[in-house]
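Asks: give me a model of this one.
(2 chains)
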Number of protein chains: 2
Amino acid sequence: VSGPPQESWVDGRATDVVSVQERGLHYGDGLFETIAVIGGQPRLLSRHLQRLASGCERLGLGADSGEVAAEVQRIARGHARAVIKVLVTRGAAVARGYAIRGTETPTRITLRYAWPREDPPMRAGARVRMAALRLGENRALAGLKHLNRLEQVLARREWDDPGIMDALMCSSSGDLVSGTHSNVFMVRDGTLLTPRLDRCGVAGVMRAQVLESAAACGLPARECVLEAGDLAAAQELFLTNALLGICPVQELAGAALPLGPVTRALQAHCAREVPGFADE
Amino acid sequence: VSGPPQESWVDGRATDVVSVQERGLHYGDGLFETIAVIGGQPRLLSRHLQRLASGCERLGLGADSGEVAAEVQRIARGHARAVIKVLVTRGAAVARGYAIRGTETPTRITLRYAWPREDPPMRAGARVRMAALRLGENRALAGLKHLNRLEQVLARREWDDPGIMDALMCSSSGDLVSGTHSNVFMVRDGTLLTPRLDRCGVAGVMRAQVLESAAACGLPARECVLEAGDLAAAQELFLTNALLGICPVQELAGAALPLGPVTRALQAHCAREVPGFADE
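Replies: Residues are numbered from 1 along each chain as shown, chains lettered A, B, ... in the order given. Purely as a prediction, here's the structure:
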């Protein structure tokens, strides 16, 4: 639990309000990034900026990623550990209705939060459950970190045990996709597997880092179609996101899982290669 | 095109801003209603309030529908024709993340817009196309008029011919669902058919009115699974929403359709029975 933001900027102005006409509010017409700040530096910043730019391209949002970068770096400065959330929306609506008029100006919202207190600490590994709610599939939205997150809100309502860190979700077709706020990896027969995200899910920056680290370590890894049933064959299981890094799963739906060598090798590689990863 | 709102209220205060922490903005965690005002009266108000209350129940939103009703009626007064949009969200986040903490206070946003200029006038019937983008399926969200509307925004981007009124959308399974901002009805062999909305789509207030009017007129009508291919067999086709009422389709994807007797009978019934319908 991180509390309300400690700093709030809208289009470069310090304010804690936005227009009631925000298309981000009316339609979720925008994107966001959640960035770990470690030692005054935004971790994985170039991956965040790259994903944001790619999302803006797909949604036809003309946001300036140079301004985002400068603002995030400015706000991160001096904070040993913090979280910065950036929202980029299509801006205030110029008329009612879904149509984009072309005269909207994107809105950039940048919020700084305290680093979350771990409850419980994740070093030993996370306890994870399976979500009942399934994710709708839409290739046009798949991979995007967009603002339509009601599915995640409803899935997160399924439990209130603070010892459960996340729930794994399947798509409406029954494929394994991700946690509510994490990507998922499993190790099976020495190979690292993670769900393809071409029909739903968010293409996490830490997920991309792990796939790159696996390649660098010579670990066989691939994105593929997985089902919930495949989890039973997992020798190792871990979740990733920009704040958690690589979080081993020690318990899935009540069954214990070991912290294995592949997870440890990837953690060690990131600790060596990713600035801010070791000091998290 | 209706322009920006002419009046804007947040939780009963005249203001045009909301908190940057709005869960409506961060997650689309809320619902909306778009209400036609005719002769100073909100049309179909009890249906709007009923749907809003049912949506709040499903999302676990504790909004006060009595306050919504009073505010909408107050704002409608004196306006010959206007549009009132009400958004009800879970309110400002008390912490970062999807979890609902239970201490959030719902936000009520009420906006009054000018009645839209018809472009072109719809009396003769609308020109409609087929959308390429498909709707994701989620039973937990199906029927709700929630704030996750990026699919509609992207579908609406598929055309810019102002003569096209709406596009019909199918689900990821290939079933016909609705327009981007309307429900769809077809007449086949004397029976009125409209897509079931148990996997996606919005359960429109005008759609409910039409089903009730059909029953009152003794017209056979049912909700069923339809595919895009079924449209070829339509003898009549019309769209509904709270502003359009019953809008005949005169052209679908370039093919002409007649204004038929079932559409006319339903329009006549609504003109007699629904206050504000005849004077629209």
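Asks: over to whatever residue of the stretch 1-150 of chain A ends up closest to chain B: give its phi and psi.
Replies: Nearest residue of the stretch 1-150 of chain A to chain B (C-beta to the nearest C-beta) works out as A:Gly136 at 2.6 Å. Where you see a C-beta, it was placed from the backbone N, CA and C, and this is true even at glycine. A:Gly136 adopts backbone torsions of phi -70, psi 150, taken as degrees, to the nearest 10.
Asks: quick one, what contacts A:Leu211?
Replies: For A:Leu211, the contact set (C-beta atoms under 8 Å, 6 or more residues apart in numbering or on different chains) comprises A:194, A:221, A:223.
Asks: let's see it at 7 Å
Replies: Residues in contact with A:Leu211 (C-beta atoms under 7 Å, 6 or more residues apart in numbering or on different chains) are A:Ala221.
Asks: same question, the one 10 residues further on
Replies: Contact analysis of A:Ala221 by C-beta under 7 Å, 6+ apart lists A:191-192, A:211, A:214-215.
Asks: on that earlier part again, ok, and the closest non-adjacent residue to the residue of the stretch 1-150 of chain A closest to chain B?
Replies: Spatial nearest neighbour of A:Gly136, chain neighbours left out: B:Gly136 (2.6 Å); criterion: C-beta to C-beta, 6 or more residues apart in numbering or on different chains.
Asks: and the stretch 101-250 of chain A, which residues reach chain B?
Replies: Residues of the stretch 101-250 of chain A lying near chain B by C-beta under 7 Å from any C-beta of the partner chain: A:109, A:111, A:113, A:133-134, A:136-138, A:140-141, A:146-154, A:156-157, A:172, A:180-181.
Asks: can you do 6 Å?
Replies: Neighbours of chain B within the stretch 101-250 of chain A, by C-beta under 6 Å from any C-beta of the partner chain: A:109, A:113, A:133, A:136-138, A:140, A:146, A:148-150, A:152-154, A:156, A:172, A:180.
Asks: hmm, A:Phe185 and A:Gln235 touching each other?
Replies: No. Under the criterion of C-beta atoms under 6 Å, A:Gln235 makes no contact with A:Phe185, lying 11.6 Å away.
Asks: give me the buried entries from the contacts of A:Ala221.
Replies: A:192, A:211, A:214 (16 or more other C-beta atoms under 10 Å in any protein chain shown).
Asks: return the member of the residues you listed nearest to chain B.
Replies: A:Leu211 (24.8 Å).
Asks: in terms of helices and strands, where is that closest one?
Replies: Per DSSP states H and E, A:Leu211 falls inside helix A:205-217.
Asks: does the residue of chain A most remote from its centre count as helix, strand or coil?
Replies: Computed with C-alpha atoms, centre = their mean, the residue of chain A farthest from its C-alpha average is A:Ala95, at 31.8 Å. When classified by DSSP: H, G, I helix; E, B strand; the rest coil, A:Ala95 comes out as coil.
Asks: quick check: neighbours of the helix or strand containing A:Tyr113 in the sheet, parallel or antiparallel?
Replies: Using DSSP H and E, A:Tyr113 sits within strand A:107-114. Applying DSSP bridges, strand A:107-114 is found paired with strand A:7-10 (antiparallel), strand A:81-89 (antiparallel).
Asks: just say which of those strands is most tucked in.
Replies: strand A:81-89 (a mean of 22; mean count of other C-beta atoms under 10 Å in any protein chain shown).
Asks: and the contacts of it?
Replies: Contacts to strand A:81-89, defined as C-beta atoms under 6 Å, 6 or more residues apart in numbering or on different chains, come from residues A:23-24, A:30-35, A:37, A:63, A:68, A:72, A:75, A:106-113, A:115.
Asks: those helices in chain A, which residues are they?
Replies: A:23-27, A:45-59, A:65-76, A:150-156, A:205-217, A:261-273 (DSSP state H).
Asks: against B:Cys56, how distant is A:Trp159?
Replies: Distance, A:Trp159 to B:Cys56, using C-beta to C-beta, to the nearest Å: 22 Å.
Asks: what of A:Arg134?
Replies: On the measure of C-beta to C-beta, A:Arg134 and B:Cys56 end up 23 Å apart.
Asks: next one: A:Leu192
Replies: A:Leu192 is 43 Å from B:Cys56, by C-beta to C-beta.
Asks: repeat for A:Ala268
Replies: Going from A:Ala268 to B:Cys56 by C-beta to C-beta gives 49 Å.
Asks: do you know how far A:Gln47 is from A:Gly40?
Replies: Not Gln; residue A:47 is Arg. 18 Å.
Asks: the residue of the stretch 1-150 of chain A closest to chain B contacts B:Asn138, doesn't it?
Replies: Yes. The pair A:Gly136 and B:Asn138 passes the contact test of C-beta under 6 Å, sitting 4.2 Å apart.
Asks: pLDDT averaged over the strand holding A:Tyr113 - what is it?
Replies: What strand A:107-114 shows for mean pLDDT is 98.
Asks: got the angle between it and helix A:65-76?
Replies: Note on geometry: by axes from the mean of the first three to the mean of the last three C-alpha atoms, to 10 degrees, strand A:107-114 and helix A:65-76 are set 20 degrees apart in direction.
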